[in-house]
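Participant: Pasted the sequence and its predicted model underneath.
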Amino acid sequence: MRFKVHLIPEAKQDFKKLDESIKKIVLKKLIQLETNPLLGEALGNKAGLDLTGYFKMYILKRKLRIIYEIKKEILLIEVISIGKRDKFSAYIQAYLRKMK
């Protein structure tokens, strides 16, 4: 079963801000998600933010995070946030974007 990876508009902006060398690494991870959506770890309550139902994937020795949701019924991986680990910024972005 092959999933389609979709970046929400805000996640596309996150991706565009990355250095070219980092973009290549992130792109490889996103491609891996197409065939293995459970590659990341399930999230729950992270730093007081309820991200139950979302997953995180580490990049660059845990310095960067991809936060995504699996929509099994339509074979879709929806990327919510691509951000730094520093001060939980990727998690805060994902939480705020989820609340929209």
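Facilitator: Arrived safely. Residues are numbered from 1 along each chain as shown.
Participant: now the strands: where do they sit in the protein?
Facilitator: 4-7, 41-42, 45-46, 49-50, 54-59, 64-71, 76-84 (DSSP state E).
Participant: now the longest one and strand 54-59, what's the angle there?
Facilitator: Orientation of strand 76-84 against strand 54-59 (axes from the mean of the first three to the mean of the last three Cα atoms, to 10 degrees) gives an angle of 50 degrees.
Participant: on that earlier part again, looking at the strands of the chain, which is closest to residue 98?
Facilitator: Closest approach to residue 98 among the strands of the chain (Cβ to Cβ): strand 76-84, 6.5 Å. Heads up, the C-betas are built off the backbone N, CA and C, glycines and all.
Participant: Show me which residues of that closest one are buried.
Facilitator: Neighbour-count burial for strand 76-84, counted by 16 or more other Cβ atoms under 10 Å, picks out 77, 78, 79, 80, 81, 82, 83.
Participant: What helices and strands are in contact with it?
Facilitator: Here strand 76-84 touches strand 4-7, helix 9-16, helix 20-35, strand 64-71, helix 89-98, going by 3 or more Cβ pairs under 8 Å, 6 or more residues apart in numbering; DSSP states H and E.
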